[in-house]
Structures are given as structure tokens and as C-alpha cells.
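> What follows is a predicted protein model with its sequence.
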Amino acid sequence: MFGLEFEVISRTWPYLWKGLQYTIQLTVVCAIGGVIWGTLLALARLSSIRWLSMLAAGYVNLMRSIPLLLVIFWFYFLVPVLIQIMTGADRPPQIGAERSAYITFILFEGAYFCEIMRAGIQSISKGQVGAAYAVGLTYSQAMRLIVLPQAFRNMLPVLLTQTIILFQDVSLVSLLNVTDFVGAATKIAQRDSRVVEMYLFVALVYFVICFAMSFLVKRLQQRIAIVR
């Protein structure tokens, strides 16, 4: 078809599969880390301690106001230099592209998960918190045992939707020469001069995975609504 040779995909599938596995692994780890970090940020934003709330709000607004690609480059190129300056080392530490990717996505996505979790926490009736205090629970116990479980359940479809967006954003790590799915396809495309075939296949795989996940999220959202 128009001179395209899709045989290159079957020939290089083991290498592509390895890249796809890394992409999924990076997405899962960063989603879990982002939810944890975002939950802590949400609690800080809702805190009655003014300086803590302002600090968390400033962090979230900063991360949500700059491009993800810029954050990746900042961490990969500038953070080692800043660490060298602060520690007085002879040379910048070698953080590495993969480690930079994990840390950057957790820190960046945490800002978005923070707003999701903050909305989930605020959706819980204050009467439930008051009832928790009435039976002798502390603030941390009330949050851990009553508020956060309900907030997670209410926000689960939105959290999963943000995870799908994260799965798409992870492709940016290929710019750091990391062999994720897009990175693996790029290397094969450049080596075998099959750019069109490889990127068509990558687009198809992303479409199938994201469409399937979006469908499952929609079904989950409907089931949660029925339970309510």
C-alpha cells in the first residue's frame, strides 16, 4: 500500500514490546507516586496552617502553568547543576535520564492529582468529619479512615482519566533518549528508514489502549453512579 512495508513491525516487535512495557511501567509507577504526592499536596492546601497552604498552592499553580517538556528539561539539565552548586561538588551528579523521568512525572502529575483529590476531599460532608471527632478520632484518623477512602472512590474515574493523559505524556521521555515505546519506534524508524510505518503503528497502539481505557473508565463511572 503506497510502498509501505509493515513487515518491519513484526520483525522488530520484541524491541517495540520492550519499549511498550517500559512505557506502561513508567505510567503505573508515576501514577501511584503522583496520587500519593498529590494527596499530600491536597491535604497541605486544605490545611489551616496558612504558610503551608500557600506553599502548596504556589507549587501546584507553578507546575500547572508551565509545559511538561520544560519541566523535564529543567530537571534533567538544571537540577544537577543546582545540586553541584549547593553541595560544592567538583562536578554535577549523574541523575540519569530514566531516574529523571520518574521524578519529573511524579512531581509534575502530583499537581494535577492534587486538585482532583482536593475536590474529592471537599465533596465529603463536613458532618462526617464532625461525627469522627465526636467518637474520639483524631484529624489524621478521620482523614485516613473516613474522608480519604470516600474521596478516592468518588474521584476514581477522574484519577484514571488523568492516568490516561499521563500515559500519553510519557512519550516525551523519548526526547531524553530513553527507550520507551515511542523511543524504540523512533530508533527503528531512523535505522530502517521506515518512519511512516513505525509512527502509524505507534499511533494505532496508543489509540487502542487509550480508547479501551476511556471506555472502561466510563463504565466504572456509571457503576459508581448507580451505587450512589
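Here it is on my side, so go on. Residues are numbered from 1 along each chain as shown.

> how long is stretch 41-50 end to end?
Terminal residues of stretch 41-50 lie 14 Å apart, using CA to CA, to the nearest Å.

> Need the contact partners of that stretch.
Outside stretch 41-50, the residues that touch it by CB atoms under 8 Å, 6 or more residues apart in numbering are 52-53, 55-57, 59-60, 110-111, 114-115, 117-118, 121-122, 143. Every residue, glycine included, has its C-beta placed from N, CA and C.

> tell me the mean pLDDT for that stretch?
Taken as a whole, stretch 41-50 has an average pLDDT of 91.

> Would you mark the buried spots in that stretch?
By 16 or more other CB atoms under 10 Å, the buried positions in stretch 41-50 come out as 41-45.

> Closest one of those residues to residue 220?
residue 42 (21.5 Å; CB to CB).

> so that closest one is in which element?
helix 13-45 (DSSP states H and E).

> Going by neighbour count, list what's buried in that helix.
Buried residues in helix 13-45 (16+ other CB under 10 Å): 16, 19-20, 22-23, 26-27, 30-31, 33-35, 37-39, 41-45.

> got it, and stretch 150-158?
Those would be 151, 154-158, for stretch 150-158 by 16+ other CB under 10 Å.

> again, but for stretch 113-121
For stretch 113-121, by 16+ other CB under 10 Å, it's 113-118, 120-121.

> I'd like those residues laid out as a markdown table, including secondary structure, pLDDT and distance to residue 12.
A markdown table is the format used below for these (DSSP: H, G, I helix; E, B strand; the rest coil; pLDDT from 0 to 100; distance: CB to CB, whole Å):
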| residue | secondary structure | pLDDT | distance to residue 12 |
| --- | --- | --- | --- |
| 113 | helix | 96 | 35 |
| 114 | helix | 95 | 40 |
| 115 | helix | 94 | 40 |
| 116 | helix | 94 | 38 |
| 117 | helix | 92 | 40 |
| 118 | helix | 91 | 44 |
| 120 | helix | 89 | 43 |
| 121 | helix | 88 | 47 |
